[in-house]
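*Asks:* Let's see this in three dimensions:
(chains A and B)
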Protein chains: 2
Amino acid sequence: MKRGEIGLGLEDSGYSGMVFERLSSLHIDIGDLISIERNGNEFTGLLMPRSQIGSDENHIVIKLENGYNIGVCIDERCIIGKKKSSTKRRRKPPVVRDVNPNLPTVSIISTGGTIASRVDYRTGAVNPALTAQDLYDSVPELEDYANVHAKVLMSVLSENITPSDCTKLVKKVASEIRRGVDGVIIAHGTDTMGYTAAALSFALSNLPVPVALVGSQRSSDRPSSDSALNLIGATKIVGKADIAEVMVVMHGETDDSFLYAHRGTRVRKFHSSRRDAFQSVNDYPLLRINDRGIEEISEPLLRRNAERIVKVKPKFEEKVALVKTYPGMRSTVVETLLDDEYKGLVIEGTGLGHAPDILRPVLKKAIESEVIVVMTTQCINGRVDMNVYRTGVQLLDLGVIPCDDMLAETALVKLMWLLANTKDNREVRTLMVTPLAGEIGMRSEYSQYHISSRKR
Amino acid sequence: MKRGEIGLGLEDSGYSGMVFERLSSLHIDIGDLISIERNGNEFTGLLMPRSQIGSDENHIVIKLENGYNIGVCIDERCIIGKKKSSTKRRRKPPVVRDVNPNLPTVSIISTGGTIASRVDYRTGAVNPALTAQDLYDSVPELEDYANVHAKVLMSVLSENITPSDCTKLVKKVASEIRRGVDGVIIAHGTDTMGYTAAALSFALSNLPVPVALVGSQRSSDRPSSDSALNLIGATKIVGKADIAEVMVVMHGETDDSFLYAHRGTRVRKFHSSRRDAFQSVNDYPLLRINDRGIEEISEPLLRRNAERIVKVKPKFEEKVALVKTYPGMRSTVVETLLDDEYKGLVIEGTGLGHAPDILRPVLKKAIESEVIVVMTTQCINGRVDMNVYRTGVQLLDLGVIPCDDMLAETALVKLMWLLANTKDNREVRTLMVTPLAGEIGMRSEYSQYHISSRKR
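*Replies:* Numbers count the residues shown, from 1 in each chain, chains lettered A, B, ... in the order given. As a prediction, this is how the structure comes out:
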């Protein structure tokens, strides 16, 4: 499906037989709002194409107002009616807005993801489609908070973001900052937003202004979409908050009561669908923002300072792997990575930083071949401490580097970045355990632990 | 170090030079309680051998009362004193206890781990060492709650537990149940306790009595150890609670206020060191136990019924891999698993169940070669729903099986178990998405989500 195109012919939509006849006799097209009366129940929604999966010839698939698709089985007694023709989106000419000198200037860079997406009527699934301009047009409130420059850098679902995409993004953010904007927003898919946030945190240092990644857990065609509020919140923060770090700005609760700004190296997607999916790990969020304003929760590493010159090291080594251990694991996977000349290996081990003994010979071989091997924990919360158990001590003796309370995902990105920007492996090992962007914390606090609110 | 042996000669302990001379002239041996006065500070603790790492010739390593080791640099002005000789543990003859007919009968099977461990004075690290009898001897309160049969099945740190160890354990638990006990306790390392709990949950069905895995986050030589309370709680539960499921019984809070019993297929170690590290995911715990008794939180799938005959399917297919995806991942790792004739693959994807597009060809190849490929989410909380995004739909079309709200670790174990006990791959695919032991939930509740208590 091409960008901006929504109306599809009924012929291409997978309907056939009696259902096709009835729809075409009523001049109904894909995307039209229709009603179906069946056994006294009325269903109203947008006509969707037939999905390849799960519906037979006699079903009509409609998208209900709540965003969900249902299939309705059609027989002769069903009454089908057309309520409204699909509104084909027309591309508006770019609006030239007056610059308001009292407002900050903010760049929005669109990379794709749900926040910049529309439903693909061919598969019934969500696709990245909107341009940054569309994004801006759809949230007109933005002009109350900032003069916004919106641009599209790429259009990918975030599971497909690669280290080289991150390099492109780092360079783009740096060039926007050098233009003198007051802050930069990146619209990004939520799936791997935590990884990209870590990448920007290491690759951009000495920031003069804040950089916020923002996404959406529900697409903008659904009434529960969080995209507008996240975008407005991020605009307020990068426009005026006294902080110059890379952050993720997303809902702090499932309702619209407040947002959090999390530090880019400390944040993780912890829920597949909730709007408050992002949480800081082993750390507190940096800011909370609601109707009353922006509140500082943790002291930032850097305050806003327009005089500061951003430093950019945009490269990432692609040959770094994340390997989660499990009972019964064999060493073949790690052997393969060595054969493939990987340069770094992040083990997501168990507990305080352990891995099955069976991996020890291959890890020894890896370290002897100058591969950097680091240890994180699949517990996610808490620290790696490899001095407590014999097996931990043995791995330390081999040269495995303990990553303290760093997230596995952040350790992966940090190692990719260090290996691309540091010549000497000794320096990589030293920097790996040195906090560079708040990724390692000195102390743990009780209430940083993620606990379900529990049924008491 | 041999089991039960604690006193080591000073000669074997790594000390040399001036430090060795001073210790031996004072007749100080490894394990003795000593004091060191240095610059007006006095340090008291057990003399430990010199670790290979981190201490030079002039350091003495002592274990403080709080369980931590420190190195003290010795010079001529330091005053060293011996406070108490090491008490070598003597093996007590097994006590023949009178059976109390008013108490339930409980089997404790020891597999190793911290709950059954002592500090290894050679490396300064913790090693599995205690027998089940020692375990019993060290918690004499147990005899107030049950007639306990304690036995050692194996002695391994849990990161080294293999599927075949699980088979051995399943058989042992079944044979204890067949002997007519009122409940079975398994002492197990915490690192992979969640995986083993899932293994027992699938391999043992139609249970007449409860089975509880119990561990300890702090070794029993530390005042903060949780081993006694967890063991007592598990004994109370398997002795009398009206439930017949596989559970994990561990602290529910960092203090000693209460324990939770979590369903074996729904529990995960979420913190590397806290005593309340274990949490139910996408579900509530089953029971809470404190001084006032046992409280039911969720309805169990099965109630206790001594007449019921346990069904045992103890085998697990070892050629099943867990693969966590990440940005920049390549397909080589999965290629290797195919070459190695793996039969099952659990993808720990992102968000609602996505994986980088680059993996699609190799996943297609895997499924065409009759490898079962299933999808879980690294978000941990929430459900996989592959109908929302194009990339999810594409994976579904290939034949990737969505695991709903099942934990990745549980999906791994379930697939290992199904592939070893089901001939027909079609049946494996059907059973994979059918709840067999509470591993898939029908609805999600708001307060099941793990959220940090936050600094407000």
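*Asks:* and the residue nearest to residue A:37 when sequence neighbours are not counted, what is it in contact with?
*Replies:* Leaving out its chain neighbours, the residue that sits closest to residue A:37 by CB to CB, 6 or more residues apart in numbering or on different chains is residue A:79, at 4.1 Å. In short, each C-beta sits where N, CA and C put it, glycine included. Residues near residue A:79 by CB atoms under 8 Å, 6 or more residues apart in numbering or on different chains: A:35-37.
*Asks:* and those residues, which are buried?
*Replies:* Buried members of these, counted by 16 or more other CB atoms under 10 Å in any protein chain shown: residue A:36.
*Asks:* Of the contacts of residue A:79, just say which sits nearest to residue B:31.
*Replies:* residue A:36 (81.0 Å; CB to CB).
*Asks:* Now the closest one. Its backbone dihedrals?
*Replies:* phi -130, psi 120 (degrees, to the nearest 10).
*Asks:* thought it was touching residue A:59?
*Replies:* No: Residue A:36 lies out of contact with residue A:59 (CB atoms under 8 Å); the separation is 10.5 Å.
*Asks:* Now list whatever residues contact both of the two.
*Replies:* A:72, A:74.
*Asks:* quick revisit: any chance of JSON lines for the contacts of residue A:79, columns distance to residue B:100?
*Replies:* Putting the contacts of residue A:79 into JSON lines (distance: CB to CB, whole Å) gives the following:
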{"residue": "A:35", "distance to residue B:100": "73"}
{"residue": "A:36", "distance to residue B:100": "70"}
{"residue": "A:37", "distance to residue B:100": "71"}
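*Asks:* Redo the contacts of residue A:79 as CSV? Include pLDDT.
*Replies:* As requested, these are exported to CSV (pLDDT from 0 to 100):
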residue, pLDDT
A:35, 92
A:36, 93
A:37, 91
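*Asks:* if I look at the residue nearest to residue A:37, how far off is residue A:36?
*Replies:* Distance, residue A:79 to residue A:36, using CB to CB, to the nearest Å: 7 Å.
*Asks:* got it, and residue A:302?
*Replies:* 57 Å.
*Asks:* And residue A:194, by the same measure?
*Replies:* From residue A:194 to residue A:36 the distance is 42 Å (CB to CB).
*Asks:* now residue A:161
*Replies:* From residue A:161 to residue A:36 the distance is 40 Å (CB to CB).
*Asks:* Pull out the buried residues from stretch A:299-313.
*Replies:* A:300-302, A:304, A:308, A:310, A:312-313.
*Asks:* List of residues touching that stretch?
*Replies:* A:170-171, A:174, A:177-178, A:180, A:202-210, A:241-245, A:286, A:417, A:420-421, A:437-438.
*Asks:* Helix, strand, or coil at residue A:335?
*Replies:* Following DSSP: H, G, I helix; E, B strand; the rest coil, residue A:335 is assigned to helix.
*Asks:* Am I right that it is in contact with residue A:362?
*Replies:* Yes: with contacts counted by CB under 8 Å, residue A:335 reaches residue A:362, the gap being 5.7 Å.
*Asks:* what's the domain layout of chain A?
*Replies:* A:10-84, A:105-312, A:320-432 (automatic domain parsing).
*Asks:* Mean pLDDT lowest where, among the ones you listed?
*Replies:* Mean pLDDT values for those show the minimum at domain A:10-84, a mean of 81.
*Asks:* Ends of it, what's the gap?
*Replies:* Separation of the first and last residues of domain A:10-84 by CA to CA, to the nearest Å is 16 Å.
*Asks:* Please give me every residue in contact with residue A:280.
*Replies:* Counting by CB under 8 Å, 6+ apart, residue A:280 has contacts A:260, A:262-263, A:266-267, A:448, B:452.
*Asks:* Figure out the helix or strand that residue A:423 lives in.
*Replies:* Assigned by DSSP states H and E, residue A:423 belongs to neither a helix nor a strand.
*Asks:* excluding its backbone neighbours, what's nearest residue A:279?
*Replies:* Closest to residue A:279 by CB to CB, 6+ apart is residue A:270, at 4.9 Å.
*Asks:* Identify the residues contacting the one you found.
*Replies:* A:277-279, A:450, B:379-381, B:449-450.
*Asks:* now, which of these sits nearest residue A:46?
*Replies:* For those, the nearest to residue A:46 is residue A:277 (26.9 Å; CB to CB).
*Asks:* ok, that closest one touching residue A:190?
*Replies:* Yes: in this structure residue A:277 lies within contact range of residue A:190 using CB under 8 Å: 6.7 Å.
*Asks:* Find the residue at the geometric middle of chain A.
*Replies:* residue A:190 (2.3 Å; CA atoms, centre = their mean).
*Asks:* from what I can see it touches residue A:157, true?
*Replies:* No: if you go by CB under 8 Å, residue A:190 and residue A:157 don't touch, sitting 10.0 Å apart.
*Asks:* which residues do the two both contact?
*Replies:* Contacts common to residue A:190 and residue A:157, judged by CB under 8 Å, 6+ apart, are residue A:113.
*Asks:* Now residue A:247: which helix or strand?
*Replies:* Per DSSP H and E: strand A:246-251 holds residue A:247.
*Asks:* That strand pairs with which strands?
*Replies:* Strand A:246-251 sits in its sheet next to strand A:211-214 (parallel), strand A:259-263 (antiparallel), going by DSSP bridges.
*Asks:* Pick the most buried one from those.
*Replies:* strand A:211-214 (a mean of 31; mean count of other CB atoms under 10 Å in any protein chain shown).
*Asks:* all strands for the stretch 351-456 of chain A, in order.
*Replies:* A:372-377, A:401-402, A:450-452 (DSSP state E, counting those that start in this stretch).
*Asks:* Mean neighbour count and distance to chain B added to those, as CSV?
*Replies:* Output for the strands of the stretch 351-456 of chain A, formatted as CSV (neighbours: other CB atoms under 10 Å in any protein chain shown; distance: least, CB to the nearest CB, whole Å):
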stretch, mean neighbour count, distance to chain B
strand A:372-377, 26, 5
strand A:401-402, 22, 11
strand A:450-452, 21, 4
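*Asks:* of those strands, which approaches residue B:150 most closely?
*Replies:* strand A:372-377 (31.0 Å).
*Asks:* Could you measure from the closest residue to residue A:228 other than its chain neighbours over to chain B?
*Replies:* Excluding its sequence neighbours, the residue lying closest to residue A:228 (CB to CB, 6+ apart) is residue A:139, at 4.8 Å. Distance of residue A:139 to chain B, computed by CB to the nearest CB, to the nearest Å: 22 Å.
*Asks:* and what of residue A:433?
*Replies:* In terms of CB to the nearest CB, residue A:433 sits 14 Å off from chain B.
*Asks:* go on, residue A:235?
*Replies:* 24 Å.
*Asks:* So that residue belongs to a strand, correct?
*Replies:* No: counting by three-state DSSP, residue A:235 is located in no strand; its state is helix.
*Asks:* what helices or strands is the helix or strand where residue A:232 lies leaning on?
*Replies:* Counting by DSSP H and E, the element that carries residue A:232 is helix A:227-240. With contacts defined as 3 or more CB pairs under 8 Å, 6 or more residues apart in numbering or on different chains; DSSP states H and E, the packing partners of helix A:227-240 are strand A:105-110, strand A:183-187, strand A:211-214, strand A:246-251, strand A:259-263, strand A:287-290, strand A:293-296.
*Asks:* at 6 Å instead, please
*Replies:* strand A:105-110, strand A:183-187, strand A:211-214, strand A:246-251 (3 or more CB pairs under 6 Å, 6 or more residues apart in numbering or on different chains; DSSP states H and E).
*Asks:* ok and that helix relative to strand A:105-110, angle-wise?
*Replies:* Helix A:227-240 and strand A:105-110 are oriented at 140 degrees to each other (axes from the mean of the first three to the mean of the last three CA atoms, to 10 degrees).
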